[in-house]
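Student: Next one to model:
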Amino acid sequence: MPVAEESHGINNVVDNICGLPPDLLTETCQHILTYLQGQRSGVDPAEISQILQRAGVRLDHEALEEIIRFLMVTFRSGGKSNLSADDLVTKLEESSNKWSKASLQVLHRLWSEHGAVVHAQQEARAMLSIGQLVDMEWKLGMSVSSDSCRSLNSPYVTLRLKIVEPSGQICQRSFEMSVPQFQNFHKQFKEIAAVMETL
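Tutor: Purely as a prediction, here's the structure:
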């Protein structure tokens, strides 16, 4: 994307952010900050949209999602970099000359209150950044020909795992194992499930 288009896009988002009354900007930011602090499972644009509509603010769905995405990236990168409230506001002012003083004051105040907790949560997430298993498939097969293996006609199990990586992308991993290895794997999985039920 050319720099002119990118800055035009940022200026549009900033215009929409600055068009929100300070109390509604505060409430929108608090939804995002509570998520980034690990106190919410996600940020629901529909919930924020209802709050804005009740206050008489009309924003189309795409504009609201752009606001949420922009604020999420701003707060997340501010947390990762451990920025002070002054530094966060300076970076915002450098990104666009469209910021209103009232909006920057809201963001400065909220980051002063919540920035340290967001930073701590970002550090914890970085240390615990492991994928989440979302699906597992297996199938039984029989090897019938091979250049390197002498013992053919032996059964094997192919496992395919779907994993959501910390970035949010879903990836697939496949591997094969012998039937005894698969039986051992199954036994260990049952033991893990039993332990997790006691938690």
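
Student: ok, which stretches of the protein are strands?
Tutor: 132-142, 155-164, 170-178 (DSSP state E).

Student: got the angle for the shortest one vs strand 132-142?
Tutor: Right, the one you point to is strand 170-178. Here the directions of strand 170-178 and strand 132-142 differ by 40 degrees (axes from the mean of the first three to the mean of the last three C-alpha atoms, to 10 degrees).

Student: what lines up beside strand 170-178 in the sheet?
Tutor: strand 155-164 (antiparallel) (DSSP bridges).

Student: So which bits of the partner strand are buried?
Tutor: V157, L161, I163 (16 or more other C-beta atoms under 10 Å). Any C-beta I mention is one placed from the backbone N, CA and C, and that applies to glycine too.

Student: And stretch 68-77, by the same measure?
Tutor: Across stretch 68-77, burial judged by 16+ other C-beta under 10 Å covers I68, F70, L71, M72, T74, F75, R76.

Student: give me every residue that touches the last one.
Tutor: Contact partners of R76, counting by C-beta atoms under 8 Å, 6 or more residues apart in numbering, are L36, V118, Q122.

Student: Same question for the first one.
Tutor: With contact set as C-beta under 8 Å, 6+ apart, I68 has these partners: T28, I32, V43, P45, I48.

Student: chain center to the longest helix along the chain, what's the gap?
Tutor: Once the chain is assigned using DSSP state H, the helix that runs over the most residues is helix 101-127. Mean-position distance between helix 101-127 and its chain equals 16 Å (C-alpha atoms, centre = their mean, to the nearest Å).
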